[in-house]
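Trainee: show me the folded form of this:
(3 chains)
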Amino acid sequence: MAARQKHETPLHRFYLSLLDAYGPQGWWPLLGHDGVNPTKTGSITGYHPGEYAFPRNAAERFEICAGAVLTQNTAWPNVEKALRNLAASKALNPERILELPEPDLATLIRPSGYHNTKARKLKELASFSLRSKGQAPSREALLDVWGIGPETADSIRLYAYGQLEMVVDAYTRKIFERLAWVPAPASYEALKQHCVLNLPAEVTVYQEFHALIVEHAKRLKASRIEDWSIPAAR
DNA sequence: AACCAGGACGTGA
DNA sequence: TCACGTCATGGT
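Mentor: Residues are numbered from 1 along each chain as shown, chains lettered A, B, ... in the order given. As a prediction, the model looks like this:
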């Protein structure tokens, strides 16, 4: 078997320093109940830092899957608006999504951008969701769904189903290439492999890692720091 | 007022 | 495989 993270690696040290500096991120965010969930900033509620017993039911699980699709190339606050619109119309579930005419669905999720495309994607997700009824879907099965690519598939497996599946994204690529941890241009799979080989194989680590990368990238942009290997202040 | 967000798909080299 | 255009609203 492959020796994974036998010794502490630069990536592992990086992860530990991010966790120490930023704290647990409480991903995947869910819609707050009456807007009173513990929160990070602004109106963004639904994070549950340090709590890992999520999702707690089928509704939360589907909410995560829907959010994973809606957040494609889109800032989270916009996704949250779309999710709220769906919830307000009692349509944040596969049954209603399949019943709704696609144009109506598109109108509800309009704030998340690409609303026509994503309306179709949500319908594909909904029928898949009913088809695979609660059991954790394989990565291949997810990739067969129109509108679900590598990152969305991995996000669904890691955050909605608690599977040991690493998620990487554009931020990960930027940071890893900048620190020369991977040769550029790095493929999605290459980035993923670098993480898997250098981090402890634990679901909570994977969940925090991806969330911390996103947080780190946002702070880098805000503070314009030059050393990307260390945590940044907001 | 550009620029870019927690990507994925379709197409043509 | 890989590069490139397309999809679209909203925040900074």
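
Trainee: for stretch A:204-220, buried residues please.
Mentor: By neighbour count on 16 or more other CB atoms under 10 Å, the buried set for stretch A:204-220 is A:205-217, A:219-220. Placement of C-beta: from N, CA and C, glycine included.

Trainee: what helices or strands is the lengthiest helix in chain A leaning on?
Mentor: Ranked by residue count, the top helix of chain A under DSSP state H comes out as helix A:203-223. Contact analysis of helix A:203-223 by 3 or more CB pairs under 8 Å, 6 or more residues apart in numbering; DSSP states H and E lists helix A:10-22, helix A:170-178 as its packing neighbours.

Trainee: if we use 10 Å, what do you get?
Mentor: Contact here means 3 or more CB pairs under 10 Å, 6 or more residues apart in numbering; DSSP states H and E; on that basis helix A:203-223 packs against helix A:10-22, helix A:150-155, helix A:170-178, helix A:188-198.

Trainee: give me whichever of those helices is most buried.
Mentor: Stretch with highest mean neighbour count among these: helix A:150-155 (a mean of 22; mean count of other CB atoms under 10 Å).

Trainee: now check it, is it near DNA strand B?
Mentor: Yes: counting by CB under 7 Å from any atom of the strand, DNA strand B is contacted by helix A:150-155 at A:150-153, A:155.

Trainee: would you map out the domains in chain A?
Mentor: Chain A breaks down by automatic domain parsing into domains covering A:1-27+A:37-51+A:166-234, A:58-160.

Trainee: I'd like the distance from the first one to the chain centre, please.
Mentor: It refers to domain A:1-27+A:37-51+A:166-234. Between the centre of domain A:1-27+A:37-51+A:166-234 and the centre of its host chain there is 12 Å, according to CA atoms, centre = their mean, to the nearest Å.

Trainee: other residues contacting stretch A:128-135?
Mentor: For stretch A:128-135, contacts defined as CB atoms under 10 Å, 6 or more residues apart in numbering pick out A:58, A:61-62, A:65-66, A:93-95, A:97-98, A:122, A:137-138, A:141-142, A:144-148, A:156, A:160-161.
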